[in-house]
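*Asks:* Show me how the following folds:
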Amino acid sequence: MLRLGGYLNILIAILHIVGLFWADKMFEVTGIADGMALAAQNIHPMYPYFITVVVAIFFFIFGIYGLSADGKIRKLPFLKPVIFLIAGIYLLRGIGELIFDMEMQQTNQILETSYSLIAVLIGLLFLIGGIRKWRK
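*Replies:* The predicted structure follows:
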């Protein structure tokens, strides 16, 4: 489970970087085009690219921690708490967004619900994988 969660995070990180070649379309598809356009206008034109790279780095780090917990790469520091922190971040994001979408009835509900369910799935992979690993 941790291995799958790790590989999914690395895939998400790669998709973020590759998506930068079509940034406007990627921002539109993910529903953040307006926010990124506003950030580019108010903060700096490169800000949307910068923040996307930062997010990709976090996904990559999450992926590396998943692989480390599964024993695929060397043991990283603070492995146990970080695995459960990653699980918590994903579950909070996924469940929180689902609750928010139900209350707000946003227009892009199917897309947002899909992203939320993916977040919950990855969070459960890390949570259940971590519990199984450290139950012994």
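
*Asks:* Nearest the geometric middle of this structure, what residue?
*Replies:* With distances taken as C-alpha atoms, centre = their mean, the residue of the chain nearest its centroid is residue 59 (5.7 Å).

*Asks:* Find the residue closest to that one in space, skipping its chain neighbours.
*Replies:* Using C-beta to C-beta, 6 or more residues apart in numbering and skipping the chain neighbours, the partner closest in space to residue 59 is residue 13 (3.8 Å). Just so you know, the C-beta spots here come from the backbone N, C-alpha and C atoms, and that holds for glycine as well.

*Asks:* The one you found and residue 63 touch, don't they?
*Replies:* Yes. Contact criterion C-beta atoms under 8 Å: residue 13 and residue 63 qualify, at 6.4 Å.

*Asks:* Neighbours of the residue nearest to residue 128 when sequence neighbours are not counted, how many?
*Replies:* Nearest non-adjacent residue to residue 128, counting by C-beta to C-beta, 6+ apart: residue 1, 5.6 Å away. For residue 1, the number of neighbouring residues by other C-beta atoms under 10 Å comes to 18.
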